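> sequence and predicted model, in that order:
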Amino acid sequence: MNRIQSEEETLRVIHAARANGFKSVSIDLIYGLPKQTLKGFGVTLDKVIAANPDRLSIYNYAHMPTIFMPQRRIHEEDLPAPQVKLDILDMAVKKLTNAGYVYIGMDHFAKPEDELAVAQRQGKLHRNFQGYSTHSDCDLVALGLSAIGKIGPTYSQNYKELEDYYAALDRDVLPVMRGMELNADDLVRRAIIQALMCHFELAKESFNSTYRIDFDSYFDTELNELREYEREGLLEISPQSIKVTPKGRMLIRNICMVFDKYLRTRQQHALYSKVI
């Protein structure tokens, strides 16, 4: 299938989805791919906007050849430089907002009437490990290979290999490979990251009363780290709140990472894909 056929097929799928009652149609794009350029991504984005989806997700390509063997065939020198990737994201935000989409945050865009944008305006937007959602914090049951579930204050992941998965089922046990239970510190940090990612601000007093902490003293280390972002104009810190500026929304993932204690060592950082 050539490029023109692929574009026509995409439009047919979108039209068919709407004709069959789908309330929201979404398109996913990836930036940071080998040999990708700002100009080339702009052309793609114009065609996607013309297709008129209700939502768009624009993900940063995660190059982790030590984890994913097929990526070892990709030459790192063919990957766009960090500044090019940042320029691509900046262009995407400008093009899509000019086209009438709301920048939900991180990697999501939606039309103003889409339920994602409505939920954000109403303060009801939620984010889980699969992305933004209109559903409040609820349990997620994992089905299938490597699937991740969330039940109450726990997370679990199923076996990644088919043989192990079925062996567990044959023993009449859940095919769970690993899991963790969140402690009190995990829960407050998760709530902070939720607030910043979904609404780009938080009120310190709400965390003081809900989690029985003194925000400024409990997160003294994190607040000191955030001062650098404040100097760069990415956020505003006051005695009452933390507010992310429009400029800072593009780097909300970096800001939230400050509150993730599991990313605090250099060795742990290396296990995660680069943000930019």
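Yes, it's here. Numbers count the residues shown, from 1 in each chain.
> how's the protein carved up into domains?
Per the record, the chain has its domains at 3-121, 148-181, 184-269, by automatic domain parsing.
> would you format those domains as CSV with distance to Tyr132 included?
Every C-beta, even on glycine, is put in place using the N, C-alpha and C of the backbone. Listed next are those as CSV, based on distance: least, Cβ to Cβ, whole Å:
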stretch, distance to Tyr132
domain 3-121, 5
domain 148-181, 15
domain 184-269, 7
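> let me have these in CSV, extended by distance to Ala142 and mean neighbour count.
Listed next are those as CSV, based on distance: least, Cβ to Cβ, whole Å; neighbours: other Cβ atoms under 10 Å:
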stretch, distance to Ala142, mean neighbour count
domain 3-121, 20, 15
domain 148-181, 3, 13
domain 184-269, 18, 15
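> so which of those gets nearest His135?
For His135, the closest of those is domain 3-121, at 9.1 Å, according to Cβ to Cβ.
> tell me which stretches of the stretch 151-276 of the chain form strands.
Counting by DSSP state E, counting those that start in this stretch, one finds strands in the stretch 151-276 of the chain at the ranges 154-158, 176-181, 201-203, 235-237, 241-244.
> got any ranges where this structure has weak pLDDT?
1-6, 265-276 (pLDDT under 70).
> 80 - rerun?
Counting by pLDDT under 80, the chain contains low-confidence residues at 1-7, 10, 129-131, 135-137, 264-276.
> quick revisit: of all the strands of the stretch 151-276 of the chain, which lies closest to Ala195?
Minimum separation from Ala195 across those (Cβ to Cβ) falls at strand 201-203, 4.1 Å.
> what lines up beside the closest one in the sheet?
Sheet partners assigned to strand 201-203 using DSSP bridges are listed as strand 241-244 (antiparallel).
> any idea how far Tyr132 lies from Lys243?
Tyr132 is 19 Å from Lys243, where distance means Cβ to Cβ, to the nearest Å.
> should've said Thr37
35 Å.
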